[in-house]
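Undergrad: Below are the sequence and a predicted model; questions follow.
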Amino acid sequence: MQQKIVSNYESAKEQYAQHGIDVDQVLSKLEKIKISMHCWQGDDVRGFLNKDQDLTGGISVTGNYPGAASTPAELRSDLEKAFSLIPGKHKVNLHAIYADTEEKVELDKIEPKHYQKWVDWSKEQGLGLDFNPTCFSHENSKDGFTLSHSDPAIRQFWIDHCKASRKIGAYFGEQLGQTCVTNVWVPDGFKDVPADRMAPRQRLKDALDQVFAEDLNPAYNLDAVESKLFGLGSEAYVVGSHEFYMGYGIQNNKLICLDAGHFHPTEVISNKLSSLALFTDGILLHVSRPMRWDSDHVVTLDDELIDIGRELVRGDLLGKTHIGLDFFDASINRVAAWVIGTRNTLKALLRAMLDPVEALKKAELEGDYTTRLALTEEFKSYPFGAIWDYYCAKMGVPVREEWLAEVKTYENEVLLKRGV
């Protein structure tokens with residue numbers, strides 16, 4: 001390890017220690033945190049079961065940067081490169097359409113065997129797996145409805161798909177020794193104002209009851225439900241709103257997914273975490289970056305991400321929150337997008353852990369808001385970067401922007417040669 005990195009770390013450590021912050025203990029805690037990195041950034045949400053199918057469900061990926069993965073092997077190679085540049089051991093979040101199989105299989109017939117190569121690879125890499133039913137980009141979702149569809153046959157297709165997905169999630173958890181979070185999101189909704197808001201939600205509730213009817217070992221699989229404010233093609237009404245899933249999740253003991261891009265542009269999820277945590281056993285957090293709409297831009301170290309990290313740390317929520325990423329950008333190098341987003345999420349958590357939390361809470365409780373504000377502002381210029389650099393070096397990954405050279409080399413040697 002470079003002497004300057006160590007020297008800067010020791011100096012920074014002393015400054016934090018003056019406020020009772022044990023930096024070594026902080027890094028030990030950070031090392032245990034697993035971020036679930038979403039596979040769909042690597043191929044623009046195409047998957048491998050029906051990759052010629054048009055992307056639907058209000059999802060849009062823009063850009064044509066070269067090198068998108070077109071096979072499971074290519075996607076795993078790209079994920080490996082990304083993980084080699086990110087400190088810690090993490091998880092991969094798979095959608096059902098990413099099955100690795102030569103067999104032609106429909107979504108309602110998927111089984112663990114269709115994902116065995118992902119399980120074997122995850123074991124080799126020391127990674128966990130999370131899972132999602134894919135309720136979009138399919139003939140049975142072309143009119144914008146799935147689990148709330150008015151046609152019982154189509155609704156049953158999606159119920160069966162979600163049931164099968166839960167069993168696959170449980171298989172992942174059992175095989176890998178890491179609990180799999182299986183997250184249900186559906187795009188169902190109307191482009192214009194509906195005449196009946198109740199009936200689709202009644203159908204969705206009934207469908208979810210059927211999906212979750214079988215009890216699965218929570219050590220292997222945890223179920224989650226995810227809301228959305230609106231989407232392309234569902235601007236006026238989304239069946240699975242936040243209020244719907246918050247009620248359903250609390251009533252049925254399911255994880256409620258808070259996605260940073262699934263609310264009104266003036267809303268933030270950092271302010272929702274402490275409230276939701278009081279009434280649930282766990283939370284699924286999707287870290288994304290909306291821009292004017294749910295555009296899922298690559299996560300940057302912005303104010304909201306920093307506030308999310310602070311809420312998780314100050315509310316002691318890390319033990320009950322499953323953190324995943326959800327963005328996709330085809331205008332830049334896709335491996336770089338993973339690295340930037342994941343490293344930023346870890347940076348936000350580290351910054352939060354290095355705050356003088358107890359001193360801030362004490363000042364607030366005593367009504368000393370002057371001290372609260374002063375400490376908050378002064379710590380913004382504390383040497384957090386020196387701690388991060390040391391952590392990266394200690395974990396054997398590139399320090400600061402050194403990782404970019406490795407991505408550029410990989411691009412030239414691997415990505416640009418695809419399809420040539």
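TA: Thanks, I have the structure now.
Undergrad: ok, Q41 touching F327?
TA: Yes. Contact criterion CB atoms under 8 Å: Q41 and F327 qualify, at 6.5 Å. In short, each C-beta sits where N, CA and C put it, glycine included.
Undergrad: Overlap in contacts, these two.
TA: Common contact partners of Q41 and F327 (CB atoms under 8 Å, 6 or more residues apart in numbering): A337, G341.
Undergrad: So which of those two has more stuff around it?
TA: Q41 (29 against 23; other CB atoms under 10 Å).
Undergrad: give me every residue that touches the more buried one.
TA: Shown in contact with Q41 (CB under 8 Å, 6+ apart): L325, F327, F328, D329, R334, A337, W338, G341.
Undergrad: So which of those residues belong to helices?
TA: R334, A337, W338, G341 (DSSP state H).
Undergrad: Turn the residues you listed into TSV, columns for neighbour count and distance to G282.
TA: Output for the ones in helices among the contacts of Q41, formatted as TSV (neighbours: other CB atoms under 10 Å; distance: CB to CB, whole Å):
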residue	neighbour count	distance to G282
R334	29	30
A337	24	27
W338	26	25
G341	28	22
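Undergrad: Give me the nearest residue to V238, chain neighbours excluded.
TA: Excluding its sequence neighbours, the residue lying closest to V238 (CB to CB, 6 or more residues apart in numbering) is G189, at 4.0 Å.
Undergrad: The one you found reaches G233, doesn't it?
TA: Yes. Using CB under 8 Å as the test, G189 is close enough to G233 to be in contact (7.3 Å).
Undergrad: So which of these two has more stuff around it?
TA: When G189 and G233 are compared for neighbours, G189 comes out ahead with 25 against 16, by other CB under 10 Å.
Undergrad: got the contact list for the more buried one?
TA: By CB under 8 Å, 6+ apart, the contact set of G189 is G58, G144, F230, G231, G233, S234, A236, Y237, V238, V239.
Undergrad: which among those residues gets closest to V119?
TA: G58 (30.6 Å; CB to CB).
Undergrad: so what's the residue nearest to V238 scoring on pLDDT?
TA: Looking at G189, its pLDDT is 95.
Undergrad: Pull the contacting residues for R76.
TA: R76 sits in contact with W118, W121, where contact means CB under 8 Å, 6+ apart.
Undergrad: rerun at 10 Å
TA: Contacts for R76 (CB atoms under 10 Å, 6 or more residues apart in numbering) come out as C39, G42, A69, V92, D100, K117, W118, W121, S122, E124, Q125.
Undergrad: Quick check: ChimeraX command selecting the buried ones in the residues you listed.
TA: To isolate the buried ones among the contacts of R76 in ChimeraX, judged by 16 or more other CB atoms under 10 Å, type:
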select :39,42,69,92,100,118,121,122
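Undergrad: tell me which helix or strand of the chain sits lowest on mean pLDDT?
TA: strand 293-297 (a mean of 79; mean pLDDT, DSSP states H and E).
Undergrad: Return the list of helices and strands in contact with that strand.
TA: strand 289-291 (3 or more CB pairs under 10 Å, 6 or more residues apart in numbering; DSSP states H and E).
Undergrad: Might one say that D188 is in contact with P194?
TA: No. The criterion here is CB atoms under 10 Å, and D188 misses it with P194 at 11.1 Å.
Undergrad: how about the strands in the stretch 201-350 of the chain?
TA: Ranges of strands in the stretch 201-350 of the chain, per DSSP state E, counting those that start in this stretch, are 221-226, 237-238, 255-259, 283-287, 289-291, 293-297, 321-325.
Undergrad: residues making contact with the fifth one?
TA: Under the contact criterion CB under 10 Å, 6+ apart, strand 289-291 has outside partners 229, 259-265, 267, 295-300, 302, 304-305, 326-327, 329, 341, 344.
Undergrad: Point out where the stretch 251-400 of the chain drops to low pLDDT.
TA: 294 (pLDDT under 70).
Undergrad: whoops, the stretch 1-150 of the chain was the one
TA: Scanning the stretch 1-150 of the chain for pLDDT under 70 picks out the ranges 1, 51-60, 63.
Undergrad: which stretches of it form helices?
TA: 3-17, 23-31, 72-83, 116-125 (DSSP state H, counting those that start in this stretch).
Undergrad: hmm, back to that, so which of D188 and P194 has more stuff around it?
TA: Per other CB under 10 Å, whichever of D188 and P194 has more neighbours is D188, with 28 against 14.
Undergrad: In contact with the more buried one, which residues are there?
TA: Contacts for D188 (CB under 10 Å, 6+ apart) come out as 57, 135, 141, 143-149, 158, 200-201, 203-204, 207, 228, 231, 234, 237-240.
Undergrad: Check which residues of the lengthiest helix in the chain are buried.
TA: Longest helix of the chain, by residue count under DSSP H: helix 152-176. Of all the residues in helix 152-176, those buried under the rule 16+ other CB under 10 Å are 154-155, 157-176.
Undergrad: same thing with stretch 372-380?
TA: Within stretch 372-380, the residues that qualify as buried are R372, L375, F379, counting by 16+ other CB under 10 Å.
Undergrad: Please apply the same query to stretch 387-394.
TA: Under 16+ other CB under 10 Å, the buried positions of stretch 387-394 are I387, W388, D389, Y390, Y391, C392, A393.
Undergrad: before we move on, the earlier item: joint contacts of D188 and P194?
TA: Common neighbours of D188 and P194 (CB under 10 Å, 6+ apart) are P200, Y237, V239.
Undergrad: in what helix or strand does W388 lie?
TA: Assigned by DSSP states H and E, W388 falls within helix 384-394.
Undergrad: quick one: that helix to helix 3-17, angle?
TA: 130 degrees (axes from the mean of the first three to the mean of the last three CA atoms, to 10 degrees).
Undergrad: what helices or strands is helix 384-394 leaning on?
TA: By 3+ CB pairs under 10 Å, 6+ apart, helix 384-394 packs against helix 3-17, helix 23-31, helix 334-353, helix 402-413.
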